[in-house]
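**Student:** below are the sequence and a predicted model for it; my questions follow.
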Amino acid sequence: MEIKVSTELTNLIPEFKAGIIEYKNITVSESPQMLKGRLQLFQESIYFDFDHKTVTDFPGIQEWRAVFKQTGKDPNRYRHSAEALYRRIQKQNYLPSVQSAIDLNNFFSLQYQVPIGIYDADFIKGDVEIRIGHAGEEYKGLNGRMNSLEHLIAAADQNGPFGSPFVDSERTPVTFKTKNALQIIFLRPSANIENAERLTESLMNMFIQIHGGDASYHIAGHRP
């Protein structure tokens, strides 16, 4: 599977980059207590930050709102997934444990203030391109609604978009049956390549520690 970033997107946002991780032969299960505990404690820590901060004071949240503006999507109507998580925590509507892959995804998304998607690779057909959604493109998302992808960054295979920094589709979710997965970290454009690689490798290593299997990673998009 080849995963690339479209020229249209890098022309619009020259520094755009994404961390790409491919996993094989993993085992998704109920989260270990260590992960459940870290996820809960980190959410409580973020909640206390709201004593002296608003959601848009967090630099990663702010930067991804700016990305949505650059592609033509109103960030007040379409909040990227990391911002949506932070707004839940602001209301003390903490994220419950779902399962190991989703919990780890949420933990790193909160820690680095960036959207992260994880997808069952066996439901992805052909190569993947991260691009800007076309007019009329939509899918039913994990939020239970039809979501317009026009002007929204999206990950698409030969059958069309299946994921985005806003909400992922119902077509490729990771479940307890998932054995092979693709993870896309929608990195901050301002991140330098060394930090981007460090973050991506760190997430990959923790994922493998919990889920077993094999993995490889690379950074797609901007290269210095």
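**Tutor:** Received, thanks. Numbers count the residues shown, from 1 in each chain.
**Student:** pLDDT of the one helix or strand residue 41 maps to, averaged?
**Tutor:** Taking DSSP states H and E as the definition, residue 41 sits inside helix 33-49. For helix 33-49, mean pLDDT rounds to 96.
**Student:** for the helix ranked longest in the chain, which residues meet the burial criterion?
**Tutor:** The longest helix of the chain (DSSP state H) is helix 193-211. Across helix 193-211, burial judged by 16 or more other Cβ atoms under 10 Å covers 196-197, 199-200, 203-204, 207, 210-211. Backbone N, C-alpha and C define where each C-beta goes, glycine included.
**Student:** repeat for stretch 73-90
**Tutor:** Buried residues in stretch 73-90, counted by 16+ other Cβ under 10 Å: 73, 75, 78-86, 89.
**Student:** thinking again about what came up before, okay, the angle between the longest helix of the chain and helix 33-49?
**Tutor:** Here the directions of helix 193-211 and helix 33-49 differ by 130 degrees (axes from the mean of the first three to the mean of the last three Cα atoms, to 10 degrees).
**Student:** how about low-confidence regions in the chain?
**Tutor:** Within the chain, the stretches with pLDDT under 70 are 223-224.
**Student:** do a quick rundown of the helices in it.
**Tutor:** 7-12, 33-49, 59-71, 81-90, 100-112, 193-211.
**Student:** out of those, the one nearest residue 20 is which?
**Tutor:** For those, distance to residue 20 was read as Cβ to Cβ. The smallest value, 7.6 Å, belongs to helix 193-211.
**Student:** tell me how many other residues crowd the closest residue to residue 18 other than its chain neighbours.
**Tutor:** With sequence-adjacent residues excluded and distances taken as Cβ to Cβ, 6 or more residues apart in numbering, residue 18 is closest to residue 220, at 4.9 Å. Number of residues near residue 220 (other Cβ atoms under 10 Å) recorded here: 20.
**Student:** surely residue 220 meets residue 3?
**Tutor:** Yes - the pair residue 220 / residue 3 is scored as a contact, 5.7 Å apart, by Cβ atoms under 8 Å.
**Student:** shared neighbours of these two, anything?
**Tutor:** Here residue 220 and residue 3 have 20, 130 as joint contacts, going by Cβ atoms under 8 Å, 6 or more residues apart in numbering.
**Student:** mind checking how far the nearest residue to residue 30 once chain neighbours are set aside is from residue 92?
**Tutor:** Closest residue to residue 30 apart from its sequence neighbours, by Cβ to Cβ, 6+ apart: residue 99 at 6.2 Å. Per Cβ to Cβ, to the nearest Å, residue 99 is found 23 Å from residue 92.
**Student:** same drill for those two, tell me which one is more crowded.
**Tutor:** Higher neighbour count among residue 99 and residue 92: residue 99, with 15 against 10, using other Cβ under 10 Å.
**Student:** surely that one and residue 31 touch.
**Tutor:** Yes - contact criterion Cβ under 8 Å: residue 99 and residue 31 qualify, at 6.5 Å.
**Student:** run through who's touching stretch 153-172.
**Tutor:** Counting by Cβ under 8 Å, 6+ apart, 9, 64, 67-68, 71, 73, 78-82, 115, 117, 119-120, 123-133, 137, 139-143, 147, 149, 152, 184, 186 sit against stretch 153-172.
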